[in-house]
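Trainee: Here is my input, please return the structure:
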Amino acid sequence: MGEIARIPIKTEVKARKRSIYVQDAGDVKRLMNSIINDLRNGDIDSKSANAIGYLTNIILKTIEVEDVSGKLYELEKKLEEFAR
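Mentor: Numbering: from 1, shown residues only. From the prediction side, this is the model:
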């Protein structure tokens, strides 16, 4: 009878990261503080920290554009009311 092949079972389970919701500049600030601390403590590698920083910058720009767009809309609305 042939020998039974043993397949190693991977027992190490990777910890699931919590979801992060960034809605405003304060959230960006808290996230970056957390990433900086994780990097300094060795909990995250510099490549991941760099990627998160890059993506966070994109989110921050999006938040800024959204804020300016909202203010512009309000001004246009007031201008239309004033012109009547």
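Trainee: Low-confidence regions, the chain specifically.
Mentor: 1-2, 5-7, 9-14 (pLDDT under 70).
Trainee: Centre-most residue in it?
Mentor: T56 (5.3 Å; Cα atoms, centre = their mean).
Trainee: Please name every helix or strand in contact with whichever strand or helix holds that one.
Mentor: T56 is part of helix 46-83 when elements are defined by DSSP states H and E. When contacts are defined as 3 or more Cβ pairs under 8 Å, 6 or more residues apart in numbering; DSSP states H and E, helix 46-83 sits against helix 25-40. The way it works is simple: take the backbone N, C-alpha and C, and place the C-beta from them, glycine included.
Trainee: and the helix it packs on, which residues are buried?
Mentor: Buried residues in helix 25-40, counted by 16 or more other Cβ atoms under 10 Å: D27, V28, L31, M32, I35, L39.
Trainee: hmm, which two among the residues you listed are most spread apart?
Mentor: D27 and L39 (18.5 Å; Cβ to Cβ).
Trainee: residues contacting the residue nearest to the centre of the chain?
Mentor: Shown in contact with T56 (Cβ atoms under 8 Å, 6 or more residues apart in numbering): V22, V28, L31, M32, I35.
Trainee: try 7 Å
Mentor: If you count contacts by Cβ atoms under 7 Å, 6 or more residues apart in numbering, T56 has them with V28, L31, M32.
Trainee: same deal with A25?
Mentor: A25 sits next to L60, I63 when contact means Cβ under 7 Å, 6+ apart.
Trainee: ok, 10 Å please
Mentor: I59, L60, I63, E64, D67 (Cβ atoms under 10 Å, 6 or more residues apart in numbering).
Trainee: Tell me the most packed of those residues, by neighbour count.
Mentor: The most neighbours of any of the contacts of A25, using other Cβ atoms under 10 Å, belong to L60, which has 18 neighbours.
Trainee: and it, what does it touch?
Mentor: L60 sits next to V22, D24, A25, D27, V28, K29, L31, M32 when contact means Cβ under 10 Å, 6+ apart.
Trainee: mind redoing it with 7 Å?
Mentor: Contact analysis of L60 by Cβ under 7 Å, 6+ apart lists A25, V28.
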